[in-house]
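Participant: Let's see this in three dimensions:
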Amino acid sequence: MNYPYMPKSTALWLIENTALTFEQIADFCGMHELEVKNIADAETCKVQGLNPILNGQVTREDIEKCEADPNARLTLRDEIVVAQKAQNKKGVGYTPKLHRQNRLGGILWIVKNYPELSDGQIARLMRSTNPTVASVRNKTHKSYSLIQIQSPIVLGLVSESALHEAVAKAKK
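Facilitator: The predicted structure is shown next:
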């Protein structure tokens with residue numbers, strides 16, 4: 001299922017500016033219905049509403065159709081879905097703060113499981129630097145003793161397809 005960019009902001013705008021049900025908004029934004037109710041009940045909101053019509057994610061006609069029929073569901077426009085799929089093929093572009101600390105563990109996992117990859121390839125995959133990868137490979141990194149080995153694919157730091165492409169390229 002594809003969801004809009006910035007789902008909480010989109011949900012807030014839909015709550016304030018449409019007559020859609022919480023269930024419809026939750027389905028469209030990929031959230032739980034209680035989350036949407038919580039956003040609606042919050043008196044002060046740190047999030048600013050984001051108009052999905054101006055972003056081209058939905059049309060006014062789709063919203064009006066769903067307002068008239070509570071069983072109808074909003075869907076993203078095809079152009080947005082295609083753009084999201086193209087973006088996902090590139091690999092993981094943003095590393096959440098929670099997983100940034102695990103980057104060294106992901107680098108170490110790749111070094112141990114795919115030693116044929118060069119430092120440059122690993123640095124590109126993990127969005128790191130060559131000296132960092134080299135210091136992890138040589139066990140000279142200042143935090144080497146604290147590194148917990150974890151698969152970067154499971155952590156969401158790199159896509160499985162990007163890793164397989166890099167390994168295939170290295171084997172050539």
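Participant: State the next helix or strand along the chain beyond the element among helices and strands of the chain having the smallest mean pLDDT.
Facilitator: Least confident helix or strand of the chain, by mean pLDDT, DSSP states H and E, is helix 97-100 with a mean of 64. Where DSSP states H and E defines the elements, the next helix or strand beyond helix 97-100 is helix 103-113.
Participant: just checking, what packs against that following helix?
Facilitator: helix 119-126, helix 130-137, helix 152-155 (3 or more CB pairs under 8 Å, 6 or more residues apart in numbering; DSSP states H and E). For glycine as for every other residue, the C-beta is placed from the backbone atoms N, C-alpha and C.
Participant: Deepest-packed of these, please.
Facilitator: Neighbour counts (mean count of other CB atoms under 10 Å) averaged over each of those peak at helix 119-126, with a mean of 20.
Participant: how about the strands in this structure?
Facilitator: Taking DSSP state E, the chain contains no strands at all.
Participant: and it, what are its domains?
Facilitator: For the chain, the structural domains run 7-89, 97-171, going by automatic domain parsing.
Participant: All the helices of the protein, residue numbers only.
Facilitator: For the chain, applying DSSP state H gives helices covering 7-17, 22-29, 33-41, 60-68, 78-89, 97-100, 103-113, 119-126, 130-137, 152-155, 160-171.
Participant: which of these has the lowest average pLDDT?
Facilitator: Looking at the helices of the chain, the lowest mean pLDDT belongs to helix 97-100 (a mean of 64).
Participant: burial count for Arg77?
Facilitator: 15 (other CB atoms under 10 Å).
Participant: thought it was touching Gly56?
Facilitator: Yes - at 6.4 Å, Arg77 counts as touching Gly56 under the criterion of CB atoms under 8 Å.
Participant: ok, Leu117 - contacts?
Facilitator: Ile110, Val111, Leu125, Ala166, Val167, Ala170 (CB atoms under 8 Å, 6 or more residues apart in numbering).
Participant: List the buried residues for stretch 59-76?
Facilitator: Asp62, Ile63, Cys66, Leu74, Thr75, Leu76 (16 or more other CB atoms under 10 Å).
Participant: The second one and Asn102: what is the separation?
Facilitator: For Ile63, the distance to Asn102 equals 40 Å [CB to CB, to the nearest Å].
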